[in-house]
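1. Build me a structure from this.
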Amino acid sequence: MNDLTKAGQAGLLSLLRQDTVLPDISDPYSREILLIEVKVAGTSHVLGIEEVVPFLTEGETLTLKRVPDNPSDPWAIKIFNADGFKLGYVPQKDNLILARLMDAGKELFARLTEKTWNGHWLFLRVQIFMRD
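-> Numbering: from 1, shown residues only. Here you go, the predicted model:
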């Protein structure tokens, strides 16, 4: 009965994590909400991107990072692959609300839905989700 009391006080998930029964459960009731689908901006300005493209897979989860000190766009959001390589940006025309959500502490991420070359220009399309 003592363990049940601890679980009620500290939270059942933290008690289970403590005993390493469940290694990584952030929130079993969370869901992914699709917010928008966009074309990644600035891919032609990323040095070395052609070396990374063969390793990008459709459905891959990508990281979003706010760049509030960007001199040309205070709402800028960079997009990175799992290895931390910058792929480009969320387009400026689409980033205001996403940036405000991120600034408010919401967890946003992207998934790659398409990658194609058009000559020397790389076209990447991503879906942006919020985990709630």
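
2. Nearest the middle, which residue of the chain would you pick?
-> Computing the C-alpha centroid of the chain and ranking residues by Cα atoms, centre = their mean puts residue 109 first, at 2.0 Å.

3. Touching, that residue and residue 77? I think so.
-> No: judged on Cβ atoms under 8 Å, residue 109 makes no contact with residue 77 at a distance of 11.1 Å. Every residue, glycine included, has its C-beta placed from N, CA and C.

4. mind listing what the residue nearest to the centre of the chain touches?
-> 61-64, 128-129, 131 (Cβ atoms under 8 Å, 6 or more residues apart in numbering).

5. In this protein, what residue spans correspond to strands?
-> Along the chain, the segments classed as strands by DSSP state E run 32-39, 61-67, 76-80, 86-89, 107-118, 121-131.

6. what does the shortest one contact?
-> To tie it back to what came earlier, the one meant is strand 86-89. 40-43, 45-46, 49, 52, 56, 62, 76-81, 95, 124.

7. Now the buried members of the residues you listed.
-> 40-43, 46, 49, 56, 62, 76-79, 81, 95, 124 (16 or more other Cβ atoms under 10 Å).

8. Could you work out the end-to-end span of stretch 35-48 for me?
-> Using Cα to Cα, to the nearest Å, the span of stretch 35-48 from its first residue to its last is 29 Å.

9. Pull up the gap between residue 73 and residue 79, please.
-> 14 Å (Cβ to Cβ, to the nearest Å).

10. wait, residue 132 sits on residue 34?
-> No: if you go by Cβ under 8 Å, residue 132 and residue 34 don't touch, sitting 11.4 Å apart.

11. Might you report the residue contacts of residue 80?
-> Counting by Cβ under 8 Å, 6+ apart, residue 80 has contacts 62-65, 86-87.

12. mind running it again at 10 Å?
-> For residue 80, the contact set (Cβ atoms under 10 Å, 6 or more residues apart in numbering) comprises 62-65, 86-88, 110.

13. go on, residue 29?
-> Residue 29 neighbours (Cβ under 10 Å, 6+ apart): residue 132.

14. any idea how far residue 77 is from it?
-> 27 Å.
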